[in-house]
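Q: Next come a sequence and a model predicted from it.
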Amino acid sequence: MNAPDWVSVCSKNAIEPGMAGTVPVDGGPEIAVFHTIGGDFYALVNSCPHKGGPLSQGIVHGDSVSCPLHNWRISLRSGEALGDDEGCTPTIPLKVEDELIWLDRAVILAEQRA
Amino acid sequence: MNAQSTINASGRMAGKERLVVIGNGMAGCRAVEEILAACPDRFAITIFGAEPRVNYNRIMLSSVLAGERSFDEIVVNSEDWYTDNAIKLIAGDPVVHIDREAQQVVSRGGVIESFDKLLIATGSDPFVIPVPGKDLGGVVTFRDLDDVEAMLAAANTSKQAVVIGGGLLGLEAAHGLSLRGMEVTVLHLMPTLMERQLDEAAGFLLKSELEGRGMTILTGADTGEIVEADGKVAGVKLKDGTEIEADLVVMAVGIRPNGTLAKASGINVERGIVVDDHMVTSDPNILAVGECVQHRGACYGLVAPLWDMCRSLAARLAEQPKGYKGSVTSTKLKVSGVDLFSAGDFSGGEDCEDIVMRDASRGIYKRVVVKDNKVIGAVLYGDTQDGNWYFDLLKKEEDVSEIREALIFGQAFASGGVSLDPKAAVAALSDDAEICGCNGVSKAQVVGCINNGANSVDAVRSTCKASASCGSCTSLVESLLALTLGDEVEESANTMCGCTSFGHDHVREAIVEREFKSIPEVMQELHWSTPDGCSKCRPALNYYLLCAWPGEYIDDQKSRFVNERLHANIQKDGTYSVVPRMWGGVTNPRELRAIADVTEKYNARMVKVTGGQRLDIFGIKKEDLPAVWADLNAAGMVSGHAYGKSLRTVKTCVGSEWCRFGTQDSTGLGIKLEQMSWGSWMPHKFKMAVSGCPRNCAEATIKDFGVICVDSGYEIHIGGNGGIKVRVTDLIGRVETEEEALELSAAFIQLYREDAWYLERTAPWVERKGLEWVKSQLFDDPATVPALAERFRHSQSFSQDDPWAQRAAGERSDLHSHVGSIGAGPPTDGAIKQVEPAE
Ligand SMILES: Cc1cc2nc3c(=O)[nH]c(=O)nc-3n(C[C@H](O)[C@H](O)[C@H](O)COP(=O)(O)OP(=O)(O)OC[C@H]3O[C@@H](n4cnc5c(N)ncnc54)[C@H](O)[C@@H]3O)c2cc1C
Ligand code: SF4
Ligand code: FES
């Protein structure tokens, strides 16, 4: 297990509840950071397991997001497609500390290699 | 402790007796619900809970772990319930002492409450096997939300998990962790999984299924010790020397009734707190329910018996004692995709007859155990449809000799019916057959609540709770709906979405009549079953509110589909296309030049003429959109709304200006129509066309609103569609002047806006309502057309702002830019901080 490499990306207020922000990564896939209406934060690779739709542009409800391309519903907790669809988008460890959003770069970079 | 001096006097309000409940879990709260129903005014109630939260559905922790639900979705009684029923909840503060003499309880935090009646519902404690290393960080049990959170935190940072225990709980934990991306090994002491509920064959099928999903399952595995490294778990060592690496160990080997507190106060406790048939302990003022009790020698670890206990308890308090006789239980495993049912005794043996059916190709195994012509046990794997039927036969001890031959083929065959219709099977169930095991709801109760007006699964869920927990009985509830309501249930298929039991019309009416002005308000007042809706209802509600309260309602960006949020069309590669408005399909060199310049400047990959007579610029990045719009605006062009549920185009032919057949100025009328109606939000996209003569070059007869110019004036057509299902318009009338054509168009649009369901185009809407209805709405009263048109113009006065101009001026730039970025620098860069991983 590699030690996490926490990187702060933005202030927690930068993303309105119910919306998502995008974070391009040097040497890694673009990440979508979600803020649920309930106030939780999650990070996922910004690509739907179906055909790569930008999940950050979907409608966020509960702890899932509906992909803007074909409306697959993806769990923000597990990255799994919900309902009858199958597939999974990698989730990225995220924490909120000092009013900032932190992502684990080690995991993001590992995602690119995988 | 000086209890006497701090007696809580508030308890005795208005002469009510004081009921104190210890345990804010499933049994404690259910008992209170039953008591409130049976004798609403008798008690002033206080509930103590060791957990710092409201009452939730413990069963569903497995789904929370698996990521299928959030905690909010499994709350059974929210704070409002406590407030509404004047219940004092003391959460996060366990009771540590019961003084029976003084009739008081004392909490760890020092709160003292006096009682007239005390109810103990302390549940059970997970059993922890006493091996070395059991107290290490990274060893958890599976009982409450804290455990789930500990597992989730571990799943975020670690890779390998060992679950000790291959029973119901252990397997659900293993399933959840494996969905969370961990490598999971299950250690089970016995030779087959879930040996108390499954026989060997079914246990084997289950094992292969789980192994097929990537879990490792070791049976006959006896844990010797938990291995440590750096003060934390590093693995598990079996007694035979095998070592398995792990950073998380979940102990799910069983539970023990929690009778510690009762015992310490001198109440009779054996395996559990001993109660009689009315749930009274050895102290007549003290009652107990749930997993902590022992009744007629039995302790239970499932919820269905608890509901029976709670009913008996409430009946006795209401002086109508019914008495609890014990329960027979059945089990289902909540692992998605594994259908497994077990009930009663299947150990077989002498005098027992086993009936087995296997269908290896379909992965089905069924076994029914019969003794003295009665079903005493059943194990079903792969096809559990008949589970409830067998369970019913078992509980009623029915004589099955008549149907013995067909028994194993299930109810449809055994009842002599040739059909395999699931409805017939449900119809044949007796009234007291249990439909929902999680909530203990019988067929008669479900039918009762359907007869009282619940006409959808969601309505049933919210009234009698059937199918509201693990959901495995949903198909039974659906069948009961169909049986009880016949055709009427069809109507409930028109609910807006799974979040509500109401249909579009009902919601729209409520928004207008009850003056709802925000999405959360609608959801709250109409009992939405999800915390914040879904991608179906949110955009619909946003539209309904906007249509009902133009100028007042503030548009909700997060409830908009991406196209409308970014005012451009998302394409398959995640880039966007941009379509400027070309009034009536007419353009000029300046506009064409601007489009050409934008295409070059932003590396657009293609420009295409659309079906609606406009130019579409493809391949723009979301970051570049505001700049593109600024350039197009500078040339005088505004958004074409080609992305919206809104007015799109007005297609025209050249008409009398140029065409030798033209009768009227079709281009001119098209431009006027477009200038009147652009920017309006609609239930769905809306297109218009004007043709200069019946040759109909603008294809006006497949548009939502079409005009065919004729010598004497204008023919008005509605409800056409060139989409998947082509529909030709209906002619609704002829008018003589352009003004009249414009007025009728405005009125028709407004009628559609106010009546159609969201995402319903005019063609299906006209067919649903009937052409006669549309005509009568417009023409029966001469006042309606002007009134509708006026409401449309009023709403337009708020919506004819070019959204591109606002964005180009910098509004909502957050929607277009990244929130941050991650560079390639070394992990010592200033913005970077090393933090220990959470445990
Ligand atoms: C993960 C999981 C999955 C399950 N799945 C199923 C299933 O599919 N089907 C099924 O039928 N059953 C299932 N069960 C079992 C079911 O949850 C229990 O049978 C049921 O919760 C028991 O209810 P109870 O009220 O007796 O105990 P609990 O619900 O455990 O409630 C007891 C409460 O008392 C509190 N408490 C204890 N001591 C004190 C004190 N001194 N002071 C104050 N409060 C105290 C505890 O904190 C707890 O909140 C499952 C259980 C778990 C953990
Ligand atoms: S519809 Fe009639 S007026 Fe218009 S272009 Fe065709 S032929 Fe000419
Ligand atoms: S790409 Fe997400 S649903 Fe198709």
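A: That came through, no problem. Ligands and ions are numbered 1, 2, ... in the order given.
Q: Show the low-confidence segments of chain B, by residue range.
A: B:1-14, B:348-349, B:360-361, B:412-423, B:425, B:438, B:468-472, B:487-494, B:825-839 (pLDDT under 70).
Q: burial of the residue of it at minimum distance from ligand 1, as a residue count?
A: Chain B approaches ligand 1 most closely through residue B:25 (1.7 Å), counting by CB to the nearest ligand atom. To be clear about C-beta, it is placed using only N, CA and C from the backbone, and glycine gets the same treatment. Residue B:25 is flanked by 26 other residues according to other CB atoms under 10 Å in any protein chain shown.
Q: residues contacting the residue nearest to it when sequence neighbours are not counted?
A: Distances taken as CB to CB, 6 or more residues apart in numbering or on different chains put residue B:123 closest to residue B:25, at 5.0 Å, once the chain neighbours are dropped. For residue B:123, the contact set (CB atoms under 8 Å, 6 or more residues apart in numbering or on different chains) comprises B:23, B:25, B:26, B:27, B:258, B:290, B:291, B:292.
Q: does the fourth one really touch residue B:290, like I thought?
A: Yep, that's residue B:27 we're talking about. Yes - look at residue B:27 against residue B:290 with CB atoms under 8 Å: they come within range, at 2.8 Å.
Q: Mind listing the shared neighbours of those two?
A: Residues touching both residue B:27 and residue B:290 by CB under 8 Å, 6+ apart: B:121, B:123, B:306, B:309.
Q: what are the phi and psi values for residue B:280?
A: For residue B:280, the backbone dihedrals (degrees, to the nearest 10) come out as phi -90, psi 140.
Q: repeat for residue B:286
A: Main-chain torsions, residue B:286, degrees, to the nearest 10: phi -120, psi 130.
Q: surely it meets residue B:268?
A: No - counting by CB under 8 Å, residue B:286 does not reach residue B:268; the two are 10.4 Å apart.
Q: Among these two, which residue is more densely surrounded?
A: More neighbours surround residue B:286 than the other of residue B:286 and residue B:268, with 24 against 14 (other CB under 10 Å).
Q: Residue of the stretch 351-500 of chain B nearest chain A, please.
A: Nearest residue of the stretch 351-500 of chain B to chain A: residue B:499, at 8.6 Å (CB to the nearest CB).
Q: Check chain B for me, the residue farthest from its geometric middle.
A: Among the C-alpha atoms of chain B, the one farthest from their average position, using CA atoms, centre = their mean, is that of residue B:660, at 60.9 Å.
Q: What backbone torsions are found at residue 106?
A: All of this is about chain A. Torsion angles, degrees, to the nearest 10, at residue A:106: phi -60, psi -40.
Q: How many residues are close by the residue nearest to it when sequence neighbours are not counted?
A: Spatial nearest neighbour of residue A:106, excluding adjacent residues (CB to CB, 6+ apart): residue A:5 at 4.2 Å. Per other CB under 10 Å, the neighbour tally for residue A:5 reads 20.
Q: From what I see, residue A:5 and residue A:102 are in contact.
A: No - the pair residue A:5 and residue A:102 fails to qualify as a contact (CB under 8 Å) at a distance of 10.0 Å.
Q: SS state for residue B:366?
A: strand (DSSP: H, G, I helix; E, B strand; the rest coil).
Q: any idea how far residue B:64 lies from residue B:634?
A: Using CB to CB, to the nearest Å, we find residue B:64 at a distance of 53 Å from residue B:634.
Q: so residue B:98 bridges to which residues?
A: residue B:105 (DSSP bridges).
Q: hang on, it packs against residue B:259?
A: No - applying CB under 8 Å as the test, residue B:98 and residue B:259 come out as separate, 11.8 Å apart.
Q: which residues do these two both contact?
A: What both residue B:98 and residue B:259 touch, as defined by CB under 8 Å, 6+ apart, is the set residue B:267.
Q: Would you map the strands across the stretch 401-550 of chain B?
A: In the stretch 401-550 of chain B, the strands defined using DSSP state E, counting those that start in this stretch lie at B:434-436, B:441-442.
Q: about what we covered before: can you tell me which of the shared contacts of residue B:27 and residue B:290 has the most neighbours?
A: Counting by other CB under 10 Å, top hit in the shared contacts of residue B:27 and residue B:290: residue B:121 with 32 neighbours.
Q: what ranges do the helices span in chain A?
A: A:105-113 (DSSP state H).
Q: how far is the helix or strand bottoming out on mean pLDDT in it from where the chain is centred?
A: Sorting the helices and strands of chain A by mean pLDDT, DSSP states H and E puts helix A:105-113 at the bottom, at a mean of 83. Relative to the centre of its chain, helix A:105-113 is centred 13 Å away, using CA atoms, centre = their mean, to the nearest Å.
Q: In it, which residues are buried?
A: Neighbour-count burial for helix A:105-113, counted by 16 or more other CB atoms under 10 Å in any protein chain shown, picks out A:105, A:106, A:107, A:108, A:109, A:111.
Q: other SSEs contacting it?
A: strand A:19-25, strand A:28-35, strand A:91-92 (3 or more CB pairs under 8 Å, 6 or more residues apart in numbering or on different chains; DSSP states H and E).
Q: List the contacts of the residue nearest the centre of chain A.
A: Among the residues of chain A, residue A:44 comes closest to the average C-alpha position under CA atoms, centre = their mean, at 2.2 Å. For residue A:44, the contact set (CB under 8 Å, 6+ apart) comprises A:31, A:32, A:34, A:55, A:74, A:76, A:79, A:89, A:90, A:91, A:92.
Q: how does it look with 6 Å?
A: The contact partners of residue A:44, by CB atoms under 6 Å, 6 or more residues apart in numbering or on different chains, come to A:32, A:79, A:89, A:91.
Q: Please name the bridge partners of it.
A: residue A:32, residue A:91.
Q: Just to check, the residue nearest to residue A:106 is in contact with residue A:105?
A: Yes - taking CB atoms under 6 Å as the definition, residue A:5 is a contact partner of residue A:105 at 4.4 Å.
Q: taking the shared contacts of residue B:27 and residue B:290 one by one, which sit in helices?
A: Per DSSP H, the shared contacts of residue B:27 and residue B:290 map to helices at B:306, B:309.
Q: Can you redo the shared contacts of residue B:27 and residue B:290 as a markdown table, where the extra columns are distance to residue B:77?
A: Compiled in a markdown table, the shared contacts of residue B:27 and residue B:290 are given as follows (distance: CB to CB, whole Å):
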| residue | distance to residue B:77 |
| --- | --- |
| B:121 | 14 |
| B:123 | 16 |
| B:306 | 15 |
| B:309 | 18 |
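Q: among the shared contacts of residue B:27 and residue B:290, which two are most distant?
A: B:123 and B:309 (12.8 Å; CB to CB).
Q: Flag the shaky bits of chain A, pLDDT-wise.
A: In chain A, residues with pLDDT under 70: A:1-2, A:112-114.
Q: Try it again at 90.
A: Filtered on pLDDT under 90, chain A yields the residue ranges A:1-5, A:13, A:27, A:37-39, A:62-63, A:70-71, A:82-86, A:98-99, A:109-114.
Q: Which one of the residues in chain A is closest to ligand 1?
A: Counting by CB to the nearest ligand atom, chain A gets nearest ligand 1 through residue A:77, at 16.9 Å.
Q: That residue: neighbour count?
A: Around residue A:77 there are 23 residues (other CB under 10 Å).
Q: residues in contact with it?
A: Taking CB under 6 Å, 6+ apart as the test, what residue A:77 contacts is A:63, B:67.
Q: Distance check, residue B:132 against residue B:226.
A: Taken as CB to CB, the span from residue B:132 to residue B:226 is 7 Å.
Q: Quick check: the gap between residue B:199 and residue B:300.
A: Residue B:199 is 22 Å from residue B:300, by CB to CB.
Q: Name the nearest residue to residue B:109, ignoring sequence neighbours.
A: Spatially, and ignoring its direct neighbours in sequence, residue B:109 is nearest to residue B:93 (4.4 Å; CB to CB, 6+ apart).
Q: I appreciate the help and will end here.
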